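1. below are the sequence and a predicted model; questions follow.
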Amino acid sequence: MSTSARSAAAPAVAIVGVGAVDAVFAASVQEAGQPPAVLCVRTRRSLAVEDPAGRVTALTAPMVTSPAEVGGHADWVLLAVKAHQTAGAAAWLRKLAGPETTVLVLQSGVDQADRVAPFAGPATVLPTVIWCPAEPAGPGLVRQRAPARMLIADDSAGRRAAALLAGGRVSVDLTADFVTAAWRKLAMNVVGALMALTGRTGEVLRDEAVGRLAERLAAECVAVGRAEGAQLDESVAAEAVARLAARPAGAGSSILTDRLAGRSLEWEARNGIVQRLGVRHGIPTPVSDVIVPLLAACGPQPAGSGNPGR
């Protein structure tokens, strides 16, 4: 859609759900000098992002709190609500997503396209793998602790997404095997459950017994991922745990942040899917069979819960 064909209130880029990771991507779009963006949020507020060097960037894009405030389809929708909040963003997607729209899914999990497509209508849904260590650091401030990276399929849509973010703080890599990349990342995400359940950051994985449990949990993910077509060898589980355990003191996980804040947890997209697909493939998942009910019991997670701007 050309700029001339777009109504004044129809954004080129709409970012739905501006939490910590989402704010980093908003800053990246702003730094890349792309066409006008809007931030689709629950409450208007000032928001800034501090980069790993301590530089603070104030987000300048206008904020809207209702789909009625935007005039038409966006070229790009960056969907950044948590996986279990996707249904809660349906009204935004109905308004923003048209035949020429690409929805860039900034969520956890290996089933992003299946999760988002029912709400995106005729739009192209583009799954991603992201590494973006960021956290709230006070009212209106997000702290980005390390460089942010996005991995995406090496196809025409993926290359357009890379061009959208070129020059911003999020680096983009293209891959010919997105399925393997997504399952490799999930092998790390499943381990975050142990941080959420213990209330401790990554140092808990340095405990010998917890580390062994974490490797068994990650190994279940690897086995299911291989059945789903991912090219993963058995070393991936140990590597995932070692990488998480080696991070600096205080480095946690978004699921731990949500647990400590009393929010509902993104357990289905991270851990539940391993258990569910394990059943489909006849692969035992005894550790997940214990972990998943415990995660589900940590807090309420009604269907369609959540709002942009978590």
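-> That came through, no problem. Numbers count the residues shown, from 1 in each chain.
2. excluding chain neighbours, what is closest to the residue nearest in space to the middle of the chain?
-> By CA atoms, centre = their mean, the chain has its centre lying nearest to residue 107, at 2.6 Å. Leaving aside its sequence neighbours, residue 107 sits nearest to residue 83 (CB to CB, 6 or more residues apart in numbering; 4.8 Å). Using the backbone N, CA and C atoms, a C-beta is placed for each residue, glycine as well.
3. kindly report the same for residue 230.
-> Closest to residue 230 by CB to CB, 6+ apart is residue 183, at 3.8 Å.
4. send me whichever strand or helix holds that neighbour as CSV with only the CA atoms.
-> Using DSSP states H and E, residue 183 sits within helix 178-189. Coordinates of each C-alpha in helix 178-189 appear next as CSV, following Å, rounded to 0.1, in the frame of the first residue of the first chain:
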residue,chain,number,x,y,z
PHE,A,178,13.1,-21.6,10.4
VAL,A,179,11.5,-24.7,12.0
THR,A,180,14.8,-25.8,13.5
ALA,A,181,15.6,-22.3,14.7
ALA,A,182,12.2,-22.0,16.4
TRP,A,183,12.5,-25.3,18.2
ARG,A,184,16.1,-24.5,19.3
LYS,A,185,14.8,-21.4,20.9
LEU,A,186,11.9,-23.3,22.5
ALA,A,187,14.4,-25.6,24.1
MET,A,188,15.6,-22.6,26.1
ASN,A,189,12.2,-21.2,26.8
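5. pretty sure the residue nearest to the centre of the chain sits against residue 115.
-> Yes. Look at residue 107 against residue 115 with CB atoms under 8 Å: they come within range, at 7.5 Å.
6. in the stretch 101-250 of the chain, which spans are strands?
-> Taking DSSP state E, counting those that start in this stretch as the test, the strands found in the stretch 101-250 of the chain are 102-105, 124-127, 129-131, 134-138, 141-144, 148-153, 170-175.
7. which one of those strands lies nearest to residue 205?
-> Residue 205 lies closest, by CB to CB, to one member of the strands of the stretch 101-250 of the chain: strand 129-131, at 17.5 Å.
8. which outside residues touch that closest one?
-> 21, 106, 148, 149, 150, 151, 152, 170, 178, 181, 182, 185 (CB atoms under 8 Å, 6 or more residues apart in numbering).
9. that one pairs with which strands, parallel or anti?
-> Neighbouring strands of strand 129-131 in its sheet, by DSSP bridges, are strand 148-153 (antiparallel).
10. pull out the buried residues from the strand it pairs with.
-> For strand 148-153, burial by neighbour count (16 or more other CB atoms under 10 Å) applies to 148, 150, 151, 152, 153.
11. and which of the residues you listed is nearest to residue 280?
-> Closest to residue 280 out of the buried residues of strand 148-153 is residue 153 (23.7 Å), distances taken as CB to CB.
12. any weak-confidence spans in the stretch 201-310 of the chain?
-> Within the stretch 201-310 of the chain, the segments meeting pLDDT under 70 span 299-310.
13. quick one, the helix or strand residue 30 falls within and strand 134-138 angle?
-> Residue 30 belongs to helix 20-31 when elements are defined using DSSP H and E. The directions of helix 20-31 and strand 134-138 differ by 90 degrees, with axes from the mean of the first three to the mean of the last three CA atoms, to 10 degrees as the criterion.
14. for helix 20-31, what is the distance to the chain centroid?
-> Offset of helix 20-31 from its chain centre (CA atoms, centre = their mean, to the nearest Å): 13 Å.
15. okay, the closest residue to residue 51 other than its chain neighbours: pLDDT?
-> Excluding its sequence neighbours, the residue lying closest to residue 51 (CB to CB, 6+ apart) is residue 144, at 5.3 Å. For residue 144, the pLDDT comes out at 93.
16. could you count how many residues lie near residue 144?
-> If you count neighbours by other CB atoms under 10 Å, residue 144 ends up with 26.
17. next one: residue 277
-> Using other CB under 10 Å, residue 277 has 18 neighbouring residues.
18. ok, residue 33 - contacts?
-> residue 167.
19. contacting residues for residue 294?
-> By CB under 8 Å, 6+ apart, residue 294 lies in contact with residue 197.
20. and it, how close does it get to residue 168?
-> 38 Å (CB to CB, to the nearest Å).
21. what packs against the helix holding residue 183?
-> In terms of contacts (3 or more CB pairs under 8 Å, 6 or more residues apart in numbering; DSSP states H and E), helix 178-189 is packed against strand 129-131, strand 148-153, helix 208-227, helix 235-245.
22. so for residue 267, which of the ones you listed sits nearest?
-> helix 208-227 (12.7 Å).
23. and the gap between the residue nearest to residue 51 and residue 17?
-> Taking CB to CB, one finds residue 144 at 17 Å from residue 17.
24. now swap in residue 113 and tell me
-> Taken as CB to CB, the span from residue 113 to residue 17 is 18 Å.
25. mind checking which of the two has more residues around it?
-> Shown here are residue 113 and residue 17; by other CB under 10 Å, residue 17 has more neighbours (28 against 14).
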